[in-house]
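Enquirer: Could you look at this predicted model? Sequence included:
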Amino acid sequence: MNKRFAGARALSRSILLAAACTAFFAAPAWADRTPAPANAYAYIGYPNDGQTLPAGKPFKVWFGLRYMGVAPRGVKFPNTGHHHLLINVDLPPMDQEIPSDRNHLHFGAGETETMIELPPGKHTLQLLMGDDMHVPHNPPVYSKKITIYVR
C-alpha cells in the first residue's frame, strides 16, 4: 500500500471518529432552551394534596414559585416564565411548546391563581413553567403532582 493512500485512510478514520464523538457528546436538542435557576421550583399552594373539594362549585388553585419570577408570554427576561396548569395528564415533552387544551391551561398574562371546576372524581394537578414562547425551561421548573378528590 502506498504511503499517500494509507495517510488518506487514517485521516478519513480520524474524521469519522471525530464526527461520531461530536454526535455522541453533543448537547441534546433541549439544551438550547431558556435557562432557569437550578434551585427554582414551582408548587401548588392550594388545594392541598389529598384534599376533597365539593362538586358543582369552582375552587381556587393558587400557584407558587421560588427563586424565579413571573412574566407574561412574549416577555423574555432572565429567570422568568409563566405558569401552565396540567390537569389529569403527565408532563409534556420538554423540548416542545406546551400544548394548549382543556388539560394544559396557559396563564400567559402572568396569573398566579385561577378558579376551576372539575367533575366528581379523582383528579391530578401539576404546574409547569414555560418561557416567553410556552416552552419549558432548562432545567424544567415544575411542581409535584398532587391528587385531589371532587365529591
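Expert: Nice, thanks for sending it over.
Enquirer: C-alpha from now on. contacts and neighbour counts both.
Expert: Will do.
Enquirer: residue closest to the middle of the chain?
Expert: Centroid-nearest residue in the chain, with Cα atoms, centre = their mean: Pro136, separated by 3.4 Å.
Enquirer: Quick check: phi and psi on it?
Expert: Torsion angles at Pro136 (phi, psi; degrees, to the nearest 10) stand at phi -60, psi 150.
Enquirer: show me where this protein has helices.
Expert: Here the chain has its helices, by DSSP state H, at 3-25.
Enquirer: how close does the residue nearest to the residue nearest to the centre of the chain when sequence neighbours are not counted get to Ile87?
Expert: Leaving aside its chain neighbours, Pro136 sits nearest to Gly130 (4.4 Å; criterion: Cα to Cα, 6 or more residues apart in numbering). Applying Cα to Cα, to the nearest Å, the value for Gly130 to Ile87 is 16 Å.
Enquirer: who's more crowded, these two?
Expert: Gly130 (29 against 20; other Cα atoms under 10 Å).
Enquirer: Who does the more buried one form a beta bridge with?
Expert: Beta bridges link Gly130 to His82, Pro136 when assigned by DSSP bridges.
Enquirer: From Pro119, how far out is it?
Expert: If you measure Gly130 against Pro119 using Cα to Cα, the figure is 27 Å.
Enquirer: Over to Pro54?
Expert: Distance from Pro54 to Pro119, by Cα to Cα: 10 Å.
Enquirer: what do the two both touch?
Expert: Counting by Cα atoms under 8 Å, 6 or more residues apart in numbering, the shared contacts of Pro54 and Pro119 are Val150.
Enquirer: contacting residues for the residue lying closest to Gln51 once chain neighbours are set aside?
Expert: Nearest non-adjacent residue to Gln51, counting by Cα to Cα, 6+ apart: Ile148, 5.2 Å away. By Cα under 8 Å, 6+ apart, the residues touching Ile148 are 47-53, 122-125.
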